[in-house]
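**Student:** coords please:
(one chain, ligands or ions: 3)
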Amino acid sequence: MATVNKSDKDRVIIFDTTLRDGEQCPGATMTFEEKLEVAELLDDMGVDVIEAGFPITSQGDFEAVSEIARRSKNSIIAGLSRAHPADIDRCAEAVKFAKRGRVHTVIATSPLHMRVKLNKTPEEVLDTSVAMVARARNQIDDVEWSAEDGTRSEMDFLCRIVEAVIKAGATTVNIPDTVGYTVPEEYTHFMKTLIERVPNSDKAVFSVHCHNDLGMAVANSLAGIVGGARQVECTINGIGERAGNAALEEIVMAINVRNDKFPYWNKIDTTQLTRASKVVSAATSFPVQYNKAIVGRNAFAHESGIHQDGVLKDASTYEIMRPEMVGLKQSSLVLGKHSGRHAFVHKLEEMGYKLGPNQLEDAFTRMKALADRKKDIYDEDIEALVDEEMAASHDRIKLTSLTVIAGTHGPQRATMKLDVEGQIKIEEAEGNGPVDAVFNCIKRLVPHEAKLELYQVHAVTEGTDAQAEVSVRLSHEGRAMTARAADPDTLVASAKAYLGALNKIVMKRQRDTVTTAAAS
Ligand SMILES: CC(=O)SCCNC(=O)CCNC(=O)[C@H](O)C(C)(C)COP(=O)(O)OP(=O)(O)OC[C@H]1O[C@@H](n2cnc3c(N)ncnc32)[C@H](O)[C@@H]1OP(=O)(O)O
Ligand SMILES: CC(C)C(=O)C(=O)O
Ligand SMILES: [Mn+2]
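**Tutor:** Ligands and ions are numbered 1, 2, ... in the order given. Below you'll find the predicted structure:
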């Protein structure tokens, strides 16, 4: 990634509205304490402007905005207000506690909204805007004016009203795509035309605020920057009205990653993005989709063998940014049915295993077979699989196949094929339950005196497709032998665990025979 010279004219001001527009979507209401936590995080992260709420909404919102303002460190704290004297005054009252406060006043400028919603003529909207901006400027130096439904407004009218509000003292002019209607090229052109046509446009910072109704909020925001905007309004995880706002983490990383082509920059500490996403998700109880850019749990995860191999050789083959840049320790190589040997060996090495070529090939084949049956392969699954592989290579008695008939109409019946020291044997047996039938089958195939002392089952991982891990302890001639085995099928795991313990007894007996013969 090439870094360009950072000049002030290319700096993009990051305006976060998680606590205002983000909180506006159904179900996202945050408590006072949660808002303070989110605001502190945003401030620490280097967010330039935090829109902390809409103070006229309720006493609670007023108090949250005031407290966030009181505790603010470096960020400007903004509050929203309608173009209404009571809103402006209440907002100014709340944000004045900040080192740097901002009153953000909004009024709709599209023909539809002015006529239907506000029941005002364009001239009335213009006069009200000018009066409200002036009223705000009497109380505070930093005033933002927003043209709600800006992208569906008439350009001639927008030019007139923007010129007037800047004259009245607006320091930031925001042109929202309130209903997520625009497309990138159109928005670039729209912003460019407006900025070029407004004679005093150099006296204010132009801002974009995009909604995601057509899934283009981030693309449109970037297009707005190309058109001349230098403030972007966005939210953590992209939460907000309806389909949400442009996601802060996506905007910030897009600006950073693409500075090979674009000169823009921002001053966000990107290593805090992952944490911010988690905090906001916890505060709102809104889960983050797995494939969400930047902060989704799959954003830096690779399951396919070809990709994993590439990433192991050089991460930049499949990663356009390093996970450390967004506050993750590393990318993750997830084992699954699409994985290849490079990733499998890498995982084994990470877990401290070193297998010979044959053992490795066997373990890999079994991992693939497991992945065909089980959705997620966890480290514990690999551990169980490899431990078993290593033990099995010494076994005299090996399970070849097992079929069990179980159900309400007993008795349960098991049919088992064993490889006993190279000889294939088959037998069937009934039992009081399927596990009993399995164990009876083993007793018929390999008659022995050992007594079952312990039988325990637990799930290695979560879910109905989890591997069952079975422990079996057999006692024989005063010695206890325990073995464990794992398989998604509990009965197969039971048979393997029993045979594992039995193998230990057989091997012990053989060792004892050799020792006695040597002694006599
Ligand atoms: C695009 C956006 O995201 S804008 C922000 C949207 N956010 C919110 O609405 C959340 C907070 N809102 C609230 O708590 C309430 O709506 C309040 C306190 C602002 C107002 O509540 P109420 O006085 O009961 O009015 P209500 O919400 O029902 O209707 C809105 C009124 O404001 C008017 N209005 C709407 N936008 C504006 C505006 N920007 N400037 C001035 N008046 C406006 C409407 O025309 C309507 O007026 P009317 O009563 O004369 O018809
Ligand atoms: C208040 C304004 C900026 C808004 O949220 C919108 O128009 O979407
Ligand atoms: Mn909005």
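
**Student:** How about the residues of the stretch 101-250 of the chain by ligand 2?
**Tutor:** For the stretch 101-250 of the chain, the residues in contact with ligand 2 (Cβ under 6 Å from any ligand atom) are 106, 146, 148, 174, 176, 178, 209, 211. All C-beta spots, glycine's among them, are computed from the backbone N, C-alpha and C.

**Student:** of those residues, list those near ligand 1.
**Tutor:** Here is what survives when these are matched to ligand 1 using Cβ under 6 Å from any ligand atom: 106, 148, 178.

**Student:** Check whether the second one really touches residue 112, as I assumed.
**Tutor:** No: counting by Cβ atoms under 8 Å, residue 148 does not reach residue 112; the two are 10.9 Å apart.

**Student:** Those two: which has the busier surroundings?
**Tutor:** residue 148 (23 against 12; other Cβ atoms under 10 Å).

**Student:** can you pull the contacts of that one?
**Tutor:** Neighbouring residues of residue 148 by Cβ atoms under 8 Å, 6 or more residues apart in numbering: 106, 107, 108, 109, 110, 113, 176, 178.

**Student:** I'd like those residues laid out as CSV, including pLDDT.
**Tutor:** CSV is the format used below for the contacts of residue 148 (pLDDT from 0 to 100):
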residue, pLDDT
106, 99
107, 99
108, 98
109, 99
110, 98
113, 98
176, 98
178, 98
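
**Student:** And the furthest pair within those?
**Tutor:** 106 and 110 (12.6 Å; Cβ to Cβ).

**Student:** about what we covered before: just the ones of the contacts of residue 148 in helices?
**Tutor:** Among these, no member is found in helices (DSSP state H).

**Student:** So which of the residues you listed are in strands?
**Tutor:** 106, 107, 108, 176 (DSSP state E).

**Student:** Strands of the stretch 301-450 of the chain, start to end?
**Tutor:** Assigned by DSSP state E, counting those that start in this stretch, the stretch 301-450 of the chain shows strands spanning 301-302, 332-333, 397-405, 412-420, 423-431.

**Student:** pLDDT weak spots in the stretch 301-450 of the chain?
**Tutor:** Along the stretch 301-450 of the chain, segments meeting pLDDT under 70 span 391-393.

**Student:** Right, and ligand 2 sits closest to which residue of it?
**Tutor:** Residue nearest to ligand 2 within the stretch 301-450 of the chain: residue 326 (26.2 Å; Cβ to the nearest ligand atom).

**Student:** List the contacts of that residue.
**Tutor:** Residues near residue 326 by Cβ under 8 Å, 6+ apart: 249, 253, 270, 271, 273, 274, 294, 295, 299.

**Student:** Next, work out how far apart the closest residue to residue 301 other than its chain neighbours and residue 497 are.
**Tutor:** Distances taken as Cβ to Cβ, 6 or more residues apart in numbering put residue 332 closest to residue 301, at 4.6 Å, once the chain neighbours are dropped. Distance, residue 332 to residue 497, by Cβ to Cβ, to the nearest Å: 31 Å.

**Student:** Of these two, which one has the most company?
**Tutor:** Neighbours per residue (other Cβ under 10 Å) separate residue 332 from residue 497, with residue 497 holding more: 27 against 14.

**Student:** The more buried one: which element?
**Tutor:** For residue 497, the element it lies in under DSSP states H and E is helix 490-519.

**Student:** roughly how far apart are residue 145 and ligand 1?
**Tutor:** 11 Å (Cβ to the nearest ligand atom, to the nearest Å).

**Student:** can you map out the helices along the stretch 51-200 of the chain?
**Tutor:** For the stretch 51-200 of the chain, the helices defined by DSSP state H, counting those that start in this stretch occupy 59-71, 85-95, 111-112, 122-137, 155-168, 184-197.
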